[in-house]
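Peer 1: Pasting the sequence and the predicted model now:
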Amino acid sequence: MRSDAARSGSAVAPQIRLPEMIPRERPLVLSASPEAGQNASGKNPLVVRLAAGALLCLMGALMVSSAWNDTITMDEAPHIGAGYAYLRKSDFRLNPEHPPLMKDLGALPLLFLNLSVDWNHPSWTQDPYGQWDFGLLLLYRSGQDPDMVTRLTKAPMILFTLLLGWVLFRWTQKRFGGAAALLALGFFVFSPTFLAHGRLVATDVGAAAGFFVGVVAFLHFLQNPGPRNVLLAGLAMGFALLTKFSTVALLPLALLMAAFWATLHEATPADPFFRFRRRAGGCFVAVRPPAFRNAFLRLLPQTAGVFAIAFLLVYVVYAHHMLRYPLERQRQDTAFVLSSNDASPATRRAISWMVEQTPLRPWAGYLLGLVATLERSERGNNPFFWGRVRTSGSALYFPFVYLAKEPLAFHLLTLLAMGFALLRLRRPAAPAAAPRPSRRQWAQAHFTECSFLLVIAFYWALALRSNLNIGVRHLLPVFPFLYVLVAKEIAQIRLWRFKASGARGAVFLLLGGLLAWQAASVVRTHPSYLAYFNELVGGPDGGWRYVTDSNVDWGQDLKRLAAFVRERNLPEIQLHYFGSADPAYYLKEKYRGLSSCTETLHGWVAVSAMIYPGPPWKPECDYRQRLPLSKLVAKIGYSIFVFHLE
């Protein structure tokens, strides 16, 4: 069977031509990534796709089986309740701090059930922040089976995650070949973070999908800015904006990518990236050549069209969700959110004014959520980090959780990929007679890889500034780009000319061992992927000593604690629990709640990992002295510690 490149009629190395509108001094035709042509979709694309399908089936089985006995996690209760209300009532009063798309997706199966919900409950009719109570009302106080509801809402989220994996694979296959595509998909399938959060009714995997689809669609638009690609890029960006408010970072990112494209593709090969002009006083300043300005200005109308389509899609979706949202209730909810927000007076007045203008009410809803999210990111929380609760976020938090929460084998593969990439830069794989490409020519031929690096650097810069340190999940948007870049470089190692005999086999043995290590280390923690930590911090048993929250404990193991109590036939258990689930529903008459960390402890005691070293909202409530680990009997899913006191 012929490769994709052959079927499309292209040569072995696909050609990238500069746009015809670009004036240049001499013809310039570049081959895109010489390796890409040699590593096209593989000699048998069907086998590659079947292997990808098998990997995704394995991922689906791991997610379904690991989620089967999970209780509802902390953020899922309000998301499920809000999503069900959106679909049933077209009323956006609940959970405005997140866009609606992922909540709609999770709640969709509930429309096929005859659920009984009290729409006269104060959490719906009166409380301006009733999303938590309404979610618990839907799950535990309306006669439904909460486990059945939870499993049904997780099903579309799992399918969505698998679809993201397929999109990642197919795009990488078309761009960098079958070997790189399978490697990227393998990193995705055996990512503990995607396995953990891909089954939750939350916005984090949606944001990762939005970033990836939005970026690759915009790159396609830059390569061919025709009307069809403007529409597709706009729809992709609109989809991203509807998943999570952090995807608003795509707007400045798109402008940066457009500027980068104009820099590379408008100036002639003789032009430098910058010119230097001497100012009065003897200092020199860097200025862009006029050719760059012309190219960037030509792209601006189409880029504005992409933004306009994205904003229109956001408007239409929000307008649908607010069809039956009473004006008076929107006034009340807006005033409540803004009252606890540090937004500028001008921003508050603008949003309040938009609420009163009927055509602008959807924009008021979107901007209210965006302002609330940005303010919370700036205000942050009191994270538990490196053994103690801190009063503000730390710039070291996200680097640490990324190093500790992703498999150590993947970090080593990343270092290997970086090393081989640097070696190839120093010694490009080109015929000896061919001239060495200039930096501009190299960047043109590797524009996708350079853009991915730009996305990663930009997002990491934002993450390091954020004071909201609550989990590695906030880094998920950069993961697909990292997987593609690492996989692409690892796949090219087979093209490397090794001088020493046996070196090639040793390298492939090393790579195979690292890939097997990653898979084994992740599967070994089944079903507790949320609490995964690598060997650097002692694995899932030791991670809680450094960070908590959604890195370890989101309330997911309450049902497993109830099974432990039944198996041991315990008469009762004192529990200080972190989560949305109802302990009394699962533990029934054996449940004794701990509402204060000063209560007398006796008999069997269980404490959530989020609370054990001192919760962020009450750091003085530290159980480590009162419940030493020497009294530890069991860890339930690594997130609930069970002690027995004589």
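Peer 2: That came in fine, so what should we check first?

Peer 1: which residues touch Cys621?
Peer 2: Contacts for Cys621 (CB atoms under 8 Å, 6 or more residues apart in numbering) come out as Ser596, Cys597, Ile611, Gly614, Pro615. Placement of C-beta: from N, CA and C, glycine included.

Peer 1: The second one and Glu620, how far apart?
Peer 2: Meaning Cys597. 8 Å (CB to CB, to the nearest Å).

Peer 1: The first one now?
Peer 2: Going from Ser596 to Glu620 by CB to CB gives 11 Å.

Peer 1: related to what we said a few turns ago, neighbour count winner among Cys597 and Glu620?
Peer 2: Just comparing Cys597 and Glu620: by other CB atoms under 10 Å the higher neighbour count belongs to Cys597, 17 against 9.

Peer 1: related to what we said a few turns ago, restricted to strands, list the contacts of Cys621.
Peer 2: For the contacts of Cys621, not one is inside strands, with DSSP state E as the criterion.

Peer 1: Ile309 should be in a strand, yeah?
Peer 2: No: according to DSSP: H, G, I helix; E, B strand; the rest coil, the state of Ile309 is helix, so it is not within a strand.

Peer 1: Contacts only, for the closest residue in space to it that isn't next to it in sequence.
Peer 2: Spatially, and ignoring its direct neighbours in sequence, Ile309 is nearest to Gly234 (2.6 Å; CB to CB, 6 or more residues apart in numbering). Applying CB under 8 Å, 6+ apart, we find Gly234 in contact with Gly305, Val306, Phe307, Ala308, Ile309, Ala310, Leu312, Leu313.

Peer 1: if we go to 10 Å?
Peer 2: Applying CB atoms under 10 Å, 6 or more residues apart in numbering to Gly234 gives the contacts 214, 217-218, 221, 302-303, 305-313.

Peer 1: just the CA coordinates of the helix or strand harbouring it, formatted as CSV?
Peer 2: Assessed by DSSP states H and E, Gly234 sits inside helix 227-241. The C-alpha trace of helix 227-241 is given here as CSV (Å, rounded to 0.1, in the frame of the first residue of the first chain):
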residue,chain,number,x,y,z
PRO,A,227,-11.9,31.3,3.1
ARG,A,228,-12.4,27.6,3.9
ASN,A,229,-9.4,27.5,6.3
VAL,A,230,-10.4,30.8,7.9
LEU,A,231,-13.8,29.2,8.7
LEU,A,232,-12.2,26.0,10.0
ALA,A,233,-9.7,27.9,12.1
GLY,A,234,-12.4,30.1,13.5
LEU,A,235,-14.6,27.1,14.4
ALA,A,236,-11.7,25.4,16.1
MET,A,237,-10.8,28.4,18.1
GLY,A,238,-14.4,28.9,19.1
PHE,A,239,-14.6,25.3,20.2
ALA,A,240,-11.5,25.9,22.4
LEU,A,241,-12.9,29.1,24.0
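
Peer 1: what comes up buried for that helix?
Peer 2: Asn229, Val230, Leu232, Ala233, Gly234, Leu235, Ala236, Met237, Gly238, Phe239, Ala240, Leu241 (16 or more other CB atoms under 10 Å).

Peer 1: now the residues you listed as CSV including pLDDT and distance to Ile573?
Peer 2: Converted to CSV, those look like this (pLDDT from 0 to 100; distance: CB to CB, whole Å):
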residue, pLDDT, distance to Ile573
Asn229, 96, 60
Val230, 97, 60
Leu232, 97, 55
Ala233, 98, 55
Gly234, 98, 55
Leu235, 98, 52
Ala236, 98, 50
Met237, 98, 50
Gly238, 98, 49
Phe239, 98, 45
Ala240, 98, 45
Leu241, 98, 45
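
Peer 1: Closest one of those residues to Gly513?
Peer 2: For the buried residues of helix 227-241, the residue nearest Gly513 by CB to CB is Ala240; the value is 37.0 Å.

Peer 1: Pull the contacting residues for that closest one.
Peer 2: By CB under 10 Å, 6+ apart, Ala240 lies in contact with 99, 101, 206-215, 217-218, 246-251, 310, 314, 477.

Peer 1: Can you turn the buried part of those into a PyMOL selection?
Peer 2: Those of the contacts of Ala240 that count as buried under 16+ other CB under 10 Å are selected in PyMOL with:
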select buried, resi 99+101+206+207+208+209+210+211+212+213+214+215+217+218+246+247+249+250+251+310+314+477
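
Peer 1: Pull out the buried residues from stretch 156-165.
Peer 2: Pro156, Met157, Ile158, Phe160, Thr161, Leu162, Leu164, Gly165.

Peer 1: now stretch 77-88
Peer 2: Ala77, Pro78, His79, Ile80, Gly81, Ala82, Gly83, Tyr84, Ala85, Tyr86, Leu87.

Peer 1: Quick one: residues contacting the closest residue in space to Val189 that isn't next to it in sequence.
Peer 2: Leaving aside its chain neighbours, Val189 sits nearest to Met59 (4.4 Å; criterion: CB to CB, 6+ apart). Counting by CB under 10 Å, 6+ apart, Met59 makes contact with Ile158, Thr161, Leu162, Gly165, Leu185, Phe188, Val189, Phe190, Ser191, Phe194, Leu195, Gly198.

Peer 1: buried sites along the strand or helix carrying Met59?
Peer 2: Met59 is located in helix 45-67, with elements delineated by DSSP H and E. Judged by neighbour count using 16+ other CB under 10 Å, the buried positions of helix 45-67 are 45, 48-49, 51-52, 55-56, 59-60, 62-63, 66-67.

Peer 1: For the contacts of Cys621, which single residue is the most surrounded?
Peer 2: Neighbour counts for the contacts of Cys621 (other CB under 10 Å) peak at Ile611, which has 24 neighbours.

Peer 1: can I assume Leu476 is in contact with Pro192?
Peer 2: No: at 11.7 Å, Leu476 does not count as touching Pro192 under the criterion of CB atoms under 10 Å.

Peer 1: Just send the contacts of Cys621 back as CSV, with pLDDT and distance to Arg170 too.
Peer 2: Output for those, formatted as CSV (pLDDT from 0 to 100; distance: CB to CB, whole Å):
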residue, pLDDT, distance to Arg170
Ser596, 79, 54
Cys597, 82, 52
Ile611, 95, 44
Gly614, 91, 46
Pro615, 90, 44
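
Peer 1: correct me, but Phe188 touches Ala209?
Peer 2: No: counting by CB under 10 Å, Ala209 is not a contact partner of Phe188; they are 11.4 Å apart.

Peer 1: What's the separation between Leu632 and Val642?
Peer 2: According to CB to CB, Leu632 and Val642 sit 7 Å apart.

Peer 1: Of the two, which one has the most company?
Peer 2: Between Leu632 and Val642, Val642 has the larger neighbour count (other CB under 10 Å), namely 22 against 12.

Peer 1: for this structure, what spans make up the strands?
Peer 2: 15-17, 29-31, 275-278, 284-287, 384-385, 388-389, 573-576, 591-593, 603-608, 632-636, 640-645.

Peer 1: Which parts of the stretch 351-500 of the chain are helices?
Peer 2: Under the criterion DSSP state H, counting those that start in this stretch, helices of the stretch 351-500 of the chain are mapped to 361-379, 397-405, 408-426, 439-445, 447-465, 479-491.

Peer 1: by contact count, what packs against the shortest one?
Peer 2: This points to helix 439-445. Here helix 439-445 touches strand 29-31, helix 250-265, helix 447-465, going by 3 or more CB pairs under 10 Å, 6 or more residues apart in numbering; DSSP states H and E.

Peer 1: again, only using 8 Å
Peer 2: Packed against helix 439-445 by the contact rule (3 or more CB pairs under 8 Å, 6 or more residues apart in numbering; DSSP states H and E) you find strand 29-31, helix 250-265.

Peer 1: In a markdown table, list those along with distance to Gly555 and mean pLDDT.
Peer 2: Shown next, in a markdown table, are the helices and strands packed on helix 439-445 (distance: least, CB to CB, whole Å; pLDDT from 0 to 100):
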| stretch | distance to Gly555 | mean pLDDT |
| --- | --- | --- |
| strand 29-31 | 53 | 34 |
| helix 250-265 | 31 | 92 |
